[in-house]
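Engineer: Structure for this input, please:
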Amino acid sequence: MKQLTELQFFATGEHNCSYLENIQAKTLFIDPKEIVSNNVYSQLSELGFRRSGTHIYRPHCDSCKACISIRIPVNSFKMSSSQRRIFNKNKDINITQVTPQYTEEYYALYQEYIGIRHRDGDMYPPSKSQFINFLVESQQRSHFYEFRSATGKLIAIASMDSLNDSLSAVYTFFDPHLTKRSLGKFAILWQIQEIKKRNLKYLYLGYWVDNCQKMQYKTAFRPMELLINGRWISAS
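Structural biologist: Numbering: from 1, shown residues only. Alright, predicted model coming up:
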């Protein structure tokens, strides 16, 4: 199994940016044929890489540097009063770790979420193959976390990867009709608490783009760290 310095990288051609309008983007990714160990994947995460299915990638644009990796140092994190209200409001939810898989129940929730919350994005329209390729297929230590109401209804799924000293939030989808629960924010709060229980250090939240409104929720979890010019910088 190869070390980080032995991996082969490829860059895509220009394609439409997923976050900013009228911007062309490029992506750097690991050769999909490579078997990437969890230790190397953890190192890549520290360098700003993310996982989508079996692909590990990061933005590689010629001039734009808008995509900034963000992580939460959980031992420094303290809930705001509004976040504590969200957390307490959802104490009736039961959360269970399961193996990533396709089920009709999971896909129905995913389909509804994408159809309502991301109808204007490049993940619309959703498909079963998209769900499997994006969330089920993985070469890493990946898990789904089921969020179920007290009646047993599935209301959210959080896909997460285990790293050496952290967890990486790959994707979360939830019932878009339960707006009063603020399920997206609650999922992050729960993930932070789970990392504390495991005595780990960080929650990786992917990329933050300042001019992308859908990304702004990530900056509510402070202190946070941003990867700027190859260094993690604290932003309180």
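
Engineer: Each with direction, which strands does the lowest-mean-pLDDT helix or strand in the chain pair with?
Structural biologist: The helix or strand of the chain with the poorest confidence is strand 15-16; it has a mean of 90 (mean pLDDT, DSSP states H and E). Paired neighbours of strand 15-16 in the sheet (DSSP bridges): strand 24-25 (antiparallel).

Engineer: What segments of this protein are strands?
Structural biologist: 9-11, 15-16, 24-25, 27-30, 50-52, 55-59, 68-73, 94-98, 142-148, 154-162, 166-174, 202-208, 224-228, 231-235 (DSSP state E).

Engineer: Centre of the chain to the second one, how far?
Structural biologist: Spelled out, it's strand 15-16. A distance of 21 Å separates the centroid of the chain from that of strand 15-16, by CA atoms, centre = their mean, to the nearest Å.

Engineer: any idea of the mean pLDDT for stretch 146-154?
Structural biologist: The pLDDT scores in stretch 146-154 average 98.

Engineer: Now do the contacts for the residue nearest to residue 12 when sequence neighbours are not counted.
Structural biologist: Distances taken as CB to CB, 6 or more residues apart in numbering place residue 27 nearest to residue 12, at 4.6 Å, with adjacent residues excluded. All C-beta atoms are positioned from the backbone trio N, CA, C, and that covers glycine. Contacts for residue 27 (CB atoms under 8 Å, 6 or more residues apart in numbering) come out as 11, 12, 15, 57, 58, 59, 60.

Engineer: Quick check: the gap between the residue lying farthest from the centre of the chain and residue 92.
Structural biologist: When distances are taken from the C-alpha mean of the chain, residue 151 lies farthest, 27.2 Å away, according to CA atoms, centre = their mean. Using CB to CB, to the nearest Å, one gets 10 Å for the distance from residue 151 to residue 92.

Engineer: who does the spatially closest residue to residue 44 that is not a sequence neighbour bridge with?
Structural biologist: The shortest distance from residue 44 to any non-neighbouring residue, by CB to CB, 6+ apart, is to residue 56 (6.0 Å). Following DSSP bridges, residue 56 is listed with bridge partners residue 51.

Engineer: Adding distance to residue 229, write the contacts of residue 27 out as JSON lines.
Structural biologist: Putting those into JSON lines (distance: CB to CB, whole Å) gives the following:
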{"residue": "11", "distance to residue 229": "20"}
{"residue": "12", "distance to residue 229": "23"}
{"residue": "15", "distance to residue 229": "25"}
{"residue": "57", "distance to residue 229": "19"}
{"residue": "58", "distance to residue 229": "14"}
{"residue": "59", "distance to residue 229": "14"}
{"residue": "60", "distance to residue 229": "15"}
